[in-house]
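>>> Quick check, what structure comes out for this input:
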Amino acid sequence: MFLINTQSNEPIYEQIKRQIVRFVEAGVLQPDEKLISVRSLAQQLNINPNTVQKAYQELEAEGVLYTLPKKGVFVRGRPANGKVCGVETEVRQLLKLCRTLKISTDELIEIIRKEGENNVDC
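Down below sits the predicted model:
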């Protein structure tokens, strides 16, 4: 279910977070559905369990997941506004890329504005 690109500049925990958010948005993961355990996912992906734990903890802080002691980690689902909090994760990644490319915030806003005008489906 999870695909990790070890060649990517994006940290592995961010890749996990992004995929969980997309699974929730797409309805692949349902509210109150139990996620695979930290240890099992780490073994499956051949990564350190701390990496998975960091992804789960950040998603919990963002309101996407919740933990029940001795039961596991579960999908909280969509907040009241109907959107998953994962947009912030995508924006942070975009801002990191812009810093690397030396694109200012104003330039980024202008690019987004133009793309929004050109893509009427947005």
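
>>> Pass me the low-pLDDT residue ranges in this protein, would you?
Applying pLDDT under 70 to the chain picks out residues 77-89, 120-122.

>>> where do the strands sit along it?
Assigned by DSSP state E, the strands in the chain fall at 65-68, 72-75.

>>> list the contacts for the closest residue to Tyr66 other than its chain neighbours?
With sequence-adjacent residues excluded and distances taken as Cβ to Cβ, 6 or more residues apart in numbering, Tyr66 is closest to Arg76, at 5.0 Å. Placement of C-beta: from N, CA and C, glycine included. By Cβ atoms under 8 Å, 6 or more residues apart in numbering, the residues touching Arg76 are Pro31, Gly63, Val64, Leu65, Tyr66.

>>> between the strands of the chain, which gets nearest to Glu25?
Closest to Glu25 of the strands of the chain, according to Cβ to Cβ: strand 72-75, at 11.1 Å.

>>> follow-up on the earlier one: need the contacts of Arg76 in a markdown table (columns: distance to Asn46 and neighbour count).
Shown next, in a markdown table, are these (distance: Cβ to Cβ, whole Å; neighbours: other Cβ atoms under 10 Å):
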| residue | distance to Asn46 | neighbour count |
| --- | --- | --- |
| Pro31 | 30 | 11 |
| Gly63 | 29 | 13 |
| Val64 | 24 | 24 |
| Leu65 | 22 | 23 |
| Tyr66 | 27 | 13 |
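
>>> Output the residues you listed as a markdown table; include the columns distance to Ile12.
Formatted as a markdown table, those follow (distance: Cβ to Cβ, whole Å):
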| residue | distance to Ile12 |
| --- | --- |
| Pro31 | 26 |
| Gly63 | 22 |
| Val64 | 18 |
| Leu65 | 17 |
| Tyr66 | 22 |
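
>>> Of those residues, which pair is most distant in space?
Spanning the widest gap among these are Pro31 and Gly63, at 12.0 Å by Cβ to Cβ.

>>> if we can go back for a sec, from the contacts of Arg76, which single one is nearest Gln19?
Val64 (11.7 Å).
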